[in-house]
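Participant: This is a predicted model, with the sequence first.
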Amino acid sequence: MNEPMLTIVVPCYNEEEVLPETIDKLRGLREELIDERLISSESALLFVDDGSNDATWDIIYKASLRYPEVKGLKLARNAGHQNALLAGLLAAKTRSDCIVSIDADLQDDIAVIRDFVKKFQEGYEIVYGVRNKRDADTFFKRHTAQWFYKLMRAMGVDLVYNHADYRLLSRRAVEELERFEEVNLFLRGIVPLLGFRSATVHYDRKERLAGKTKYPLKKMIAFALDGITSFSVTPIRMISLIGLVSFFISLLFGGYFLFLKLTGHTQTGWTSLIISIWFLGGLQLIAFGLIGEYIGKIYKETKRRPRYIVDLDLFNLWKPQQRSPS
Ligand code: UDP
Ligand code: MG
């Protein structure tokens, strides 16, 4: 294979403090990789301004005038990290063989992009950057992140542990990603669903170069909730489960209370009250759960996710390679 065309996509939201340095460092890395003949000289850097209200776009625009390899994409309003990232991936896909996404604050060691590209050359279409240790993150962030991964796993969502949105995707992977049309985008959950050959590369996560996190607690919680509810109907199932349990409890206690009543050990009226409360409560919860199951189905239908993704098609191989319009 010739050297692949690489695009590095960087979502930026109010990153004026770090951006100049980020641009410099990524340009430097790009030069190195070109010199090492790992990537083609047409490789580019794409900065996506996610509706920032500081000088972020100014910096991107000026850099793009100065350096031909620096490109910019400006979103009209703040669409959120995941959407900004997708916008960048889709904008870059037609002129890239592979795309690396990385945060603007360079907490992720950019040197491992070299390993990403090497893996890509070996035939991996998805390469996950995985953090070794998270010393640089606060105690709070580290632990909430751990819980988050555990909870997601428990809910049946396949996630790569300690992997954020630092990864390489082949052009084909991005094209398939485009077929996931859901509005609530949770890339970390979707990328493993693609099923293409994948590898992981480990690195140490550093502290933010400058500026503050764009993920305050409120956004973190929203992100976690989004991740869970976009991938799992387990919470609905729990309602059914609780309903079933209280229903059986009502049967057990019902028998016991009736026995007390018959042997004359209770207040008048109490038995029928307590039995009906538990019995009806249980029935109602089961009914909720049942309705929830249907809503869960509707919800899955509305996502219109692709039902399968083809890896190799030997049957149609003799036809000219079809790519989606580019
Ligand atoms: N970001 C974005 N839109 C947003 C919030 C964040 O594009 O609405 C970008 C941000 O500029 C950064 C990346 O997403 O490049 C990750 O954000 P941050 O580093 O603040 O998150 P943390 O590392 O603290 O989880
Ligand atoms: Mg960060």
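Facilitator: Perfect, thanks for sending it. Ligands and ions are numbered 1, 2, ... in the order given.

Participant: For residue 222, which three-state class applies?
Facilitator: At residue 222 the chain is in helix, as set by DSSP: H, G, I helix; E, B strand; the rest coil.

Participant: Any figure for the gap between it and ligand 2?
Facilitator: For residue 222, the distance to ligand 2 equals 17 Å [Cβ to the ion, to the nearest Å]. Quick note: C-beta positions are derived from backbone N, CA and C, even for glycine.

Participant: okay, now that residue: neighbour count?
Facilitator: Using other Cβ atoms under 10 Å as the criterion, residue 222 is surrounded by 12 other residues.

Participant: check contacts around the residue in the stretch 151-300 of the chain that ligand 2 sits nearest to.
Facilitator: Evaluated by Cβ to the ion, the stretch 151-300 of the chain has residue 208 as its residue closest to ligand 2, separated by 5.4 Å. When the contact criterion is Cβ atoms under 8 Å, 6 or more residues apart in numbering, the partners of residue 208 are 18, 105, 107.

Participant: Identify the residues contacting residue 279.
Facilitator: Under the criterion of Cβ under 8 Å, 6+ apart, the neighbours of residue 279 are 247, 250-251, 254.

Participant: So among the residues you listed, which ones count as buried?
Facilitator: Buried members of the contacts of residue 279, scored by 16 or more other Cβ atoms under 10 Å, are 247, 250, 254.

Participant: Helix, strand or coil: sort out the residue of the stretch 151-300 of the chain closest to ligand 2 for me.
Facilitator: For residue 208, the secondary-structure state derived from three-state DSSP is coil.

Participant: okay, now residue 16: neighbour count?
Facilitator: By the criterion of other Cβ under 10 Å, residue 16 has 16 neighbours.

Participant: Hmm, it is touching residue 59, no?
Facilitator: Yes: taking Cβ atoms under 8 Å as the definition, residue 16 is a contact partner of residue 59 at 6.2 Å.

Participant: Not counting sequence-adjacent ones, nearest residue to residue 95?
Facilitator: Once flanking residues are discounted, residue 95 sits nearest to residue 5: 6.6 Å by Cβ to Cβ, 6 or more residues apart in numbering.

Participant: show me the contacts for that neighbour.
Facilitator: With contacts defined as Cβ under 8 Å, 6+ apart, the neighbours of residue 5 are 39-40, 42-44, 95-98.

Participant: Could I have the ChimeraX command that selects the buried members from those?
Facilitator: Here the buried members of these are turned into a ChimeraX selection, burial being counted by 16+ other Cβ under 10 Å:
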select :39,40,42,43,44,96,97,98
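
Participant: if I look at residue 230, how far off is residue 189?
Facilitator: 7 Å (Cβ to Cβ, to the nearest Å).

Participant: Which one's more surrounded, these two?
Facilitator: Relative neighbour count places residue 189 above the other of residue 230 and residue 189, with 20 against 17, counting by other Cβ under 10 Å.

Participant: measure the more buried one to residue 3 for me?
Facilitator: Taking Cβ to Cβ, one finds residue 189 at 32 Å from residue 3.

Participant: residues from the stretch 1-150 of the chain in reach of ligand 1?
Facilitator: By the criterion of Cβ under 6 Å from any ligand atom, the positions of the stretch 1-150 of the chain lying close to ligand 1 are 11-13, 15, 50, 78, 80-81, 84, 103-105, 107.

Participant: near ligand 2, from those residues?
Facilitator: The overlap between those and the neighbourhood of ligand 2 (criterion: Cβ under 5 Å from the ion) consists of 103, 105, 107.

Participant: Let's see which of those end up in helices.
Facilitator: When these are checked against helices using DSSP state H, none is located there.

Participant: Next step: the contacts of residue 279 restricted to helices.
Facilitator: Among those, the members found in helices (DSSP H) are 247, 250-251, 254.

Participant: the helices in this structure, which residues?
Facilitator: Taking DSSP H as the criterion, the chain carries its helices at 19-35, 56-66, 81-93, 113-121, 139-154, 171-177, 187-194, 217-231, 234-262, 270-303.

Participant: so can I have JSON lines of these showing mean pLDDT?
Facilitator: Shown next, in JSON lines, are those (pLDDT from 0 to 100):
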{"stretch": "helix 19-35", "mean pLDDT": "97"}
{"stretch": "helix 56-66", "mean pLDDT": "96"}
{"stretch": "helix 81-93", "mean pLDDT": "94"}
{"stretch": "helix 113-121", "mean pLDDT": "97"}
{"stretch": "helix 139-154", "mean pLDDT": "83"}
{"stretch": "helix 171-177", "mean pLDDT": "96"}
{"stretch": "helix 187-194", "mean pLDDT": "92"}
{"stretch": "helix 217-231", "mean pLDDT": "82"}
{"stretch": "helix 234-262", "mean pLDDT": "86"}
{"stretch": "helix 270-303", "mean pLDDT": "85"}
